[in-house]
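Visitor: Quick check, what structure comes out for this input:
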Amino acid sequence: AVVSTQSTGANKKLSLVHHPDKGGDEQMFVQINKAYQALTDDVTRQNWIDHGNPDGPQAMQFGIALPSWIVDRNNSVFVLGLYVLMFMILLPTAVGTWWYRSIKYSADDILLHTTQLYLSFLAKNSLHNISKCIMILCSAFEFEKSQNKEIKERETDNFQIPLLMKECKQLHEKTPIPPFKYLYSIKARTLFHSYCNRSEKLNEENNLDINIITKKIPALISEALNICFQLIYFSKRQKHVAAPNVKTFENLIKINVMAIQATWDNKSPLLQLPHFTEDMLKYFSTKRMKIKSLLQFAQLTDGDRRSRLRMLGEEEYDNMMRVLWSMPHIDMEVKSEVLDDENTMTISAGSIVTVTCFLDRKSLRDVVDVLEVDEPIPAIKEEEDKEAKKKSWQKQPKKQKTVQKKKKVVQKKKTKSEENKENENADEENKQLVKQGEEEADDENEEESEDEREKSDAEDRSEDENESGSEDNESAAGGDKDYDDDEEWRSLQQEITKKKNQDGEGAESHPVHCPFFPVDKEEGWWVFIADRKTGEVITPPKYVAGLKDKQEVILKFQAPDILGHHKFNVILKSDSYLNCEKEVLLKLFVERAIETKAVKQWEHISDSEESDSVTESECTDSESEEEEED
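Guide: Predicted structure coming up:
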C-alpha cells in the first residue's frame, strides 16, 4: 500500500511535467505510464521480469553497426569516393592480375611459354641424349629473372660462372640456337652440371640458385614426359612429327634421379650412400671383385665390408649401413587379359589389353636375410667362372667318338609244312570270331531295347519333378534377388578400395635419403610399356607415389593389328635412386578378331510379320480346299 501511494504520487507529478498538452515529451510520457503499470499491475510486472518489457515478448531485430562518420550527411562525398575506389579500381585490378597470371601458367604451375618451348624442341628429333635433355630442361623460362622473382642476378656471377664452366663437360655454351645461347640458360646448365659433379667451388650464393633449380626440375620433367607422349599421338596423324624414342623417356627420368642424388647416371650407385666418396670405389673394383650394385654391396660379409671401409669411423659406418638397409629392392609380376570379354586370355586384333603390374617393395635388409649365406656374390661368381675356363691357347681334350655296333638279326627260313599248319589254324580262329560277334550283337540289341524303356520312364519322372520344382523356385526367387544385391554392393566396395590402392590415395611411401636435395622427398616410381625393338612407347608413363609394401598398377593399350607373336617390355623406374629399376618381358599372341554380324532392330519384326502372314495364308488355303470338297 505504501509503494502504491508513492508511485501514484510520483506518477501525477511527472505526468503534469511531461504531458504532451503541456509541452512535454511524448516518448517520456509513455515510458512513465509503462513504469507506473509495471509497479501496480501484476501481469505487467511479470512481463517486465520475464521479457524485459512491460508489453511482453517483442520481435527480434538485427542491424549493422556502422561508424557514425559513414552515416553522416556531411561525409557523403567522401564515402562515395571510397566506394568508387574499392569497387571500380582496386577490385578490377586484383581480378585482372589474377586472370593474367592464370593465363600464363598451366594446371601444374608451369609457364605456358615453357610448355611451347619443350614441344618445339622435343618434336624435332625422336632421340635425345642426356646432355641435350639437360639443355632443354634448363632453358625453361622459370629460370629467367623477368618470369621468376626468386631468380637473382649478381655481379659475382660474371667471374664465378666462368670458373665453374671450366670443370663442366658437354656444356655446349657456344651453341648459337636460342634460347640455349641466352645467359640465364647457360647459368642454369652450369650450376646443374656443377651440382652433379659435387664441385667444391660452389659458394653460398650458387647453392641458393641451385636449390631453386633442383626444386623445379621434377615438375619440369613431368611436363616433358607428358609432352613426349602427346607427340606419339601426333606422329600417327602427322608424318612430319617425330615420335620420341623410349630412350628419351628413360633419359628424362635419369635426370630426375640426378637432381635428387647429385650425381651422374653413369657413376656408381654406391655414391648414393652417406660418407661414400669416389676414392673408396677402388677398394670395390678389383680383379677378384667388382661391386656394381647396392645389392652386391649388401651381400658382402660385414667383416669384409668393414675392412675395406676402415677409413670411416664407427658412427659414419653405422649411418652408412642404416641407409643401405633401408634402400628399396622391388619385384614385379605382370598379367595381361582382355576385360569385358568371354575369353579374357584370348587377345584379338584391335582389342583393349589390360596389363596388371603387381609391385612388391622390400628393403635390402629383408632381401639379404632371405638369400642363402653360402650363395656367392654375382660379381665374384663371374670372375671365378672366367678363371675356371681354359685359355684359348691351351689344348682342349678331344671328345671320344662313341661308335655303336649294329647287331645283325638273322631270321631262319620256315619250311612249307609249317606254313600250311599256320594257315589252317588261322582259318579256324576267324570262324570262331565270327560266331562270337553274332552272339554279342544279339545281346546288345536286347540291352538297347531295355535301356530305351528305362529312359522313357526316367523322362516321365523328370517332367513331374520339374513341374513341382518350378513352384519352389518361384518362391525362392525373392530371396535370391536380395542376396544378389548384397553381392553387387560388396563387389562395388571392393572395386573402390582397389582403385584407391592403385592410385595410392591416402598411402604413405618411404622417405628418400637425399642430403643434397633442398626439400624432403618420398619414393616414386614410373611404370610404362614400350617396344624395345622399335623404340616406341606404348602406354603413357604412370607415376606411382604410394608404394609402401605391395600395390597393383593397371596399364591399358590397344592390341596391334598384325596377327602373330608380339613382345613388349614393362618398364619400372625409380625417380629417386640410381640402378633401381625392373623390366619384365610381356609376350602376346594376337589372333584374328571374330566378325559379328550387325543385326538391325527391324529385321526381327519383319521376320515375325512374315511368319504370321505365312501361317494366315496357309489357313485360308486349307479352308478353301475344304469348301471345294464339300
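Visitor: can we go C-alpha only for contacts and neighbour counts from here?
Guide: Noted.
Visitor: pretty sure Lys573 is touching Ile529, no?
Guide: No. Taking contacts as CA atoms under 8 Å, Lys573 lies outside contact range of Ile529: 11.5 Å.
Visitor: more neighbours, the two?
Guide: Set Lys573 next to Ile529 and count neighbours by other CA atoms under 10 Å: Ile529 wins out with 26 against 22.
Visitor: same for the helix or strand encompassing the more buried one, what does it pack against?
Guide: For Ile529, the enclosing helix or strand under DSSP states H and E is strand 525-531. Judged by 3 or more CA pairs under 8 Å, 6 or more residues apart in numbering; DSSP states H and E, the packing partners of strand 525-531 are strand 536-537, strand 542-544, strand 564-574.
Visitor: one more time with 10 Å
Guide: helix 246-261, strand 536-537, strand 542-544, strand 550-558, strand 564-574, strand 581-591 (3 or more CA pairs under 10 Å, 6 or more residues apart in numbering; DSSP states H and E).
Visitor: for those, which one ends up most surrounded?
Guide: Of all those, helix 246-261 carries the top mean neighbour count, a mean of 23, counting by mean count of other CA atoms under 10 Å.
Visitor: buried set for stretch 303-315?
Guide: Buried residues in stretch 303-315, counting neighbours by 16 or more other CA atoms under 10 Å, are found at Arg305.
Visitor: Now do that stretch: everything it contacts.
Guide: Applying CA atoms under 10 Å, 6 or more residues apart in numbering, the external contacts of stretch 303-315 come out as 275-276, 280-284, 297-300, 317-321.
Visitor: Export the strand or helix carrying Lys362 to PDB, keeping only CA atoms.
Guide: Per DSSP H and E: Lys362 is located in strand 352-363. Only the C-alpha atoms of strand 352-363 are listed here, as PDB (Å, rounded to 0.1, in the frame of the first residue of the first chain):
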ATOM      1  CA  ILE A 352      41.900 -53.400 -75.400                       C
ATOM      2  CA  VAL A 353      44.600 -55.200 -73.400                       C
ATOM      3  CA  THR A 354      44.700 -54.700 -69.700                       C
ATOM      4  CA  VAL A 355      48.100 -55.200 -68.100                       C
ATOM      5  CA  THR A 356      48.100 -55.500 -64.300                       C
ATOM      6  CA  CYS A 357      51.500 -55.000 -62.600                       C
ATOM      7  CA  PHE A 358      51.900 -56.500 -59.200                       C
ATOM      8  CA  LEU A 359      54.600 -54.500 -57.400                       C
ATOM      9  CA  ASP A 360      56.300 -55.800 -54.200                       C
ATOM     10  CA  ARG A 361      58.700 -53.400 -52.500                       C
ATOM     11  CA  LYS A 362      61.200 -54.800 -49.900                       C
ATOM     12  CA  SER A 363      64.200 -53.300 -48.200                       C
END
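Visitor: and that strand, what does it pack onto?
Guide: Checking 3+ CA pairs under 10 Å, 6+ apart, strand 352-363 ends up next to strand 328-337, strand 550-558, strand 564-574, strand 581-591.
Visitor: taking the mean pLDDT, what do you get for the last one?
Guide: Averaging the model's pLDDT scores along strand 581-591 yields 94.
Visitor: follow-up on the earlier one: for the helices and strands packed on strand 352-363, give me a markdown table that also has distance to Val30.
Guide: A markdown table is the format used below for the helices and strands packed on strand 352-363 (distance: least, CA to CA, whole Å):
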| stretch | distance to Val30 |
| --- | --- |
| strand 328-337 | 88 |
| strand 550-558 | 82 |
| strand 564-574 | 86 |
| strand 581-591 | 92 |
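Visitor: and of those strands, who's closest to Lys34?
Guide: strand 550-558 (79.8 Å; CA to CA).
Visitor: Who does the closest one pair with, and is each partner parallel or antiparallel?
Guide: strand 352-363 (antiparallel) (DSSP bridges).
Visitor: helix or strand right after the strand it pairs with?
Guide: helix 364-370.
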